[in-house]
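Asker: what follows is a predicted structure for the sequence shown.
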Amino acid sequence: MATAYRAVEASAPGQLTLVERPLVEPGPGQVRIRVEAAGVCHTDSVTVEGIWPGITFPRVPGHEIAGRIDAIGKGVEGWKVGQRAALGRFGGECGECEACRRGDIVNCPNQTITGITTERLCGGRHCRSSRRCRHAR
């Protein structure tokens, strides 16, 4: 079983570096997805260039992913290892701010954006709340 993976990370604004990182186990309520495809869009260039407000480095760009679940955290129901899964840009909202209370989750100032506000895309692995994943064909 693999204990590490290789990834291309933005180690500083505008600087991409090939690195090796330890493989992270999913936490409670999370699944880990072995990424088979990742969309790259303008948000990723904003990440790599360090333009996103409050972005920290290092950061692995890429946030719209599809792949297969290769590990499941405690308490996850409805998913199994080997299932295809996909995750879009938004990884979650706080549910407590004014925007969330009025149902405007896209404008939540506390939202989780995969690869931007949370750095869990791991060069082929991604840990995320199982309720944010979607079944993929």
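Answerer: It's in.
Asker: is Val8 part of a helix or strand, or is it coil?
Answerer: The three-state label given to Val8 by DSSP: H, G, I helix; E, B strand; the rest coil is strand.
Asker: pull the number of nearby residues for it.
Answerer: Val8 is flanked by 14 other residues according to other Cβ atoms under 10 Å. For every residue, glycine as well, the C-beta is placed using N, CA and C.
Asker: ok, what's across the strand from it?
Answerer: Partner residues in beta bridges with Val8, using DSSP bridges, are Leu18.
Asker: if I pick it, what's in contact with it?
Answerer: Contact partners of Val8, counting by Cβ atoms under 8 Å, 6 or more residues apart in numbering, are Leu16, Thr17, Leu18, Val19, Val60, Pro61, Gly123.
Asker: for Gln83, state which of the residues you listed is nearest.
Answerer: The shortest gap between Gln83 and any of the contacts of Val8 belongs to Gly123, at 21.0 Å (Cβ to Cβ).
Asker: neighbour-wise, which one of the contacts of Val8 leads?
Answerer: Neighbour tally across the contacts of Val8 (other Cβ under 10 Å): the maximum, 23 neighbours, falls on Val60.
Asker: closest one of the contacts of Val8 to Ile113?
Answerer: For Ile113, the closest of the contacts of Val8 turns out to be Pro61, at 11.7 Å, with distances computed as Cβ to Cβ.
Asker: nearest spatial neighbour of the closest one, chain-adjacent residues omitted?
Answerer: Closest residue to Pro61 in three dimensions, ignoring its sequence neighbours and counting by Cβ to Cβ, 6 or more residues apart in numbering: Asp44, at 4.1 Å.
Asker: hang on, the one you found is in a helix, isn't it?
Answerer: Yes - checked against three-state DSSP, Asp44 lies within a helix.
Asker: does it touch Ile113 like I think?
Answerer: No - Asp44 sits out of contact with Ile113 when judged by Cβ atoms under 8 Å, with a separation of 11.1 Å.
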